[in-house]
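In: what's the 3D shape of this:
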Amino acid sequence: MTAAGELKIGLEFKPGLEGVPVTLSSISYVDGHKGVLEYRGIPIEELAEKSTFLETSYLLIWGELPTQEELEAFEHEIRYHRRIKYRIRDMMKCFPESGHPMDALQACAAALGLFYSRRALDNPAYIRDAVVRLLAKIPTMVAAFQLMRNGNDPVQPRDDLDYSANFLYMLTEQEPDPLAARVFDVCLTLHAEHTLNASTFSARVTASTLTDPYAVVASAVGTLAGPLHGGANEEVITMLEEIGSVDNVRAYVEDCVQRKSKIMGFGHRVYKVKDPRATILQHLAEQLFEKFGHDDYYDIAVALEKAVEEKLAHKGIYPNVDFYSGLVYRKMGIPIDLFTPIFAIARVAGWLAHWKEQLAENRIYRPTQIYTGNHAAPYVPIEER
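Out: Numbering: from 1, shown residues only. So this is what the prediction gives:
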């Protein structure tokens, strides 16, 4: 493809749509050079300190912080809809035990559309019901599959526990420590939204066809599952296991730099400084270690961050949100392959916010391409090939 060819057709190819604006949005804002992340204009640091995941979800989806009465009503609806249909549980029993929880979650999210398939996208009550069901039931499905793949019956939700404490309870059938529940809730808040990342773009493209919101979330879950997106937090723990000790960190980094191999948990398409969410997650990890005991992997992680900064900071490569989140979940005893489903539990809020925003002024996505193939090629009969 020549430059002259590009000028002739008036198009410029941007791999991965990098830097190409495809929508107008008021949901979240990122300044990658200053390390700023805001939800509806509110800094993520302030929300992590003062808000809860459900209050933040309300903010993202409806555009403003709820009143006390509005928040209590929203929380009550979420609690009421946590349980899932027995037929979905029966379907999950047929899933292979070796299957990845993200694949199970995608199938279950899509299956919800079979039970709530009526589409009334111009009806505010339908939109609210869909928001509530997805926020309420996704955690239940993640916890249920985790127990069932180990041969156990799923644990029923507890209406007396808040959103995050209830999820941790459903995983273990033990009421979680208040600090662990609060830290987990902050983690959900940090992962709830991040402008037009791959899974959110997938959600908006699907939403633009005016399909149901369950298909929108299922498509986004499938996109999040990839190792270059949500799956990176699993790869970070695997990498720390491979490094083994602080003494091996510098050799590992040197080898990766020489081979031009990606160091998991570092680098971001937007951030050219340390991801503000990584900073908060690091502090959360330290709180957990102080109360529940140190994790040697944290020492490896800190040494790795320092070594990478010395080698690659000039290229704008710093820790991203995935680097410390796995250490937090690991300390809570959460299996590695549940890290990305937990990411999905949080990001449902952002996906639904973009679904709702897409519906407001919808136009189906139909990008173009730059054709690089042949023209007027002859058809060769099969006997002559």
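
In: is it true that I300 touches E242?
Out: No - with contact defined as Cβ atoms under 8 Å, I300 does not count as touching E242 (10.0 Å). Just so you know, the C-beta spots here come from the backbone N, C-alpha and C atoms, and that holds for glycine as well.

In: With neighbour numbers in mind, choose between those two.
Out: I300 (22 against 10; other Cβ atoms under 10 Å).

In: Mind telling me what element the more buried one is part of?
Out: Using DSSP states H and E, I300 sits within helix 296-312.

In: could you say what helices and strands that helix packs with?
Out: In terms of contacts (3 or more Cβ pairs under 8 Å, 6 or more residues apart in numbering; DSSP states H and E), helix 296-312 is packed against helix 232-243, helix 249-259, helix 276-292, helix 321-331.

In: closest to I78 out of those helices?
Out: Among these, helix 321-331 comes nearest to I78, with 22.0 Å by Cβ to Cβ.

In: Could you chop this protein up by domain?
Out: Annotated domains of the chain cover 28-228+337-360, 232-331 [automatic domain parsing].

In: So for E12, which of these sits nearest?
Out: Of all these, domain 232-331 comes closest under Cβ to Cβ, at 18.5 Å.

In: which residues does I42 contact?
Out: By Cβ atoms under 8 Å, 6 or more residues apart in numbering, the residues touching I42 are L59.

In: before we move on, the earlier item: from the helices and strands packed on helix 296-312, which stretch is densest packed?
Out: Compared across these, helix 321-331 shows the largest average neighbour count, a mean of 25 (mean count of other Cβ atoms under 10 Å).

In: Dump the domains of the chain to TSV, plus distance to E383 and mean pLDDT.
Out: Converted to TSV, those look like this (distance: least, Cβ to Cβ, whole Å; pLDDT from 0 to 100):
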stretch	distance to E383	mean pLDDT
domain 28-228+337-360	42	96
domain 232-331	48	94
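
In: all strands for the stretch 1-150 of the chain, in order.
Out: 28-31, 36-39, 42-43 (DSSP state E, counting those that start in this stretch).

In: Deepest-packed of those, please.
Out: strand 36-39 comes out most buried of the strands of the stretch 1-150 of the chain by mean count of other Cβ under 10 Å, with a mean of 21.

In: if we can go back for a sec, in a markdown table, list the domains of the chain along with distance to V22.
Out: Formatted as a markdown table, the domains of the chain follow (distance: least, Cβ to Cβ, whole Å):
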| stretch | distance to V22 |
| --- | --- |
| domain 28-228+337-360 | 7 |
| domain 232-331 | 15 |
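
In: Quick check: which of those domains is nearest to G19?
Out: Nearest of the domains of the chain (Cβ to Cβ): domain 232-331, 9.5 Å.

In: what's the span of the closest one from first residue to last?
Out: End-to-end distance of domain 232-331 (Cα to Cα, to the nearest Å): 18 Å.

In: and if you look at stretch 150-162?
Out: Note: stretch 150-162 ends 26 Å apart using Cα to Cα.

In: And that stretch, how far out from the chain middle?
Out: Put simply, stretch 150-162 sits 23 Å off its chain's centre (Cα atoms, centre = their mean, to the nearest Å).

In: what's it in contact with?
Out: Identification of contacts with stretch 150-162 by Cβ under 8 Å, 6+ apart yields 52, 54, 75, 79-80, 82-83, 89, 97, 140, 143-144, 147-148, 166, 169-171, 173, 175, 181, 185.

In: List buried residues within these.
Out: Buried residues within those, defined by neighbour count using 16 or more other Cβ atoms under 10 Å: 52, 54, 75, 79, 82, 89, 140, 143-144, 147-148, 166, 169-171, 181, 185.

In: Could you report the separation of S28 from R347?
Out: Note on S28: its distance to R347, by Cβ to Cβ, to the nearest Å, is 12 Å.

In: swap that for Q369, sorry
Out: Following Cβ to Cβ, the distance that separates Q369 from R347 is 29 Å.

In: cool, R158 as well?
Out: 24 Å.

In: What of T189?
Out: Distance from T189 to R347, counting by Cβ to Cβ: 11 Å.

In: related to what we said a few turns ago, Q369 and R347: who's more crowded?
Out: Higher neighbour count among Q369 and R347: R347, with 27 against 7, using other Cβ under 10 Å.

In: Let me know whether the more buried one touches L224 as I believe.
Out: Yes - under the criterion of Cβ under 8 Å, R347 makes contact with L224 at 6.6 Å.

In: Quickly list what's touching both of the two.
Out: S199, G230.

In: Tabulate the helices and strands packed on helix 296-312 (CSV), appending distance to N123.
Out: CSV is the format used below for those (distance: least, Cβ to Cβ, whole Å):
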stretch, distance to N123
helix 232-243, 37
helix 249-259, 52
helix 276-292, 35
helix 321-331, 35
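
In: Of the ones you listed, which is nearest E46?
Out: Here helix 276-292 is closest among the helices and strands packed on helix 296-312 (Cβ to Cβ), at 11.0 Å.

In: What segments of the stretch 51-200 of the chain are helices?
Out: Secondary structure of the stretch 51-200 of the chain (DSSP state H, counting those that start in this stretch): helices at 53-62, 68-80, 86-93, 101-115, 124-148, 163-172, 178-191, 198-207.

In: Helix 178-191 and the longest one, what's the angle between them?
Out: Computed with axes from the mean of the first three to the mean of the last three Cα atoms, to 10 degrees, the direction of helix 124-148 lies at 130 degrees from that of helix 178-191.

In: elements contacting helix 124-148?
Out: helix 53-62, helix 68-80, helix 86-93, helix 101-115, helix 163-172, helix 213-224, helix 339-360.

In: Same list, the ones you listed, but as a markdown table with distance to D275 please.
Out: Shown next, in a markdown table, are the helices and strands packed on helix 124-148 (distance: least, Cβ to Cβ, whole Å):
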| stretch | distance to D275 |
| --- | --- |
| helix 53-62 | 18 |
| helix 68-80 | 28 |
| helix 86-93 | 34 |
| helix 101-115 | 22 |
| helix 163-172 | 22 |
| helix 213-224 | 17 |
| helix 339-360 | 14 |
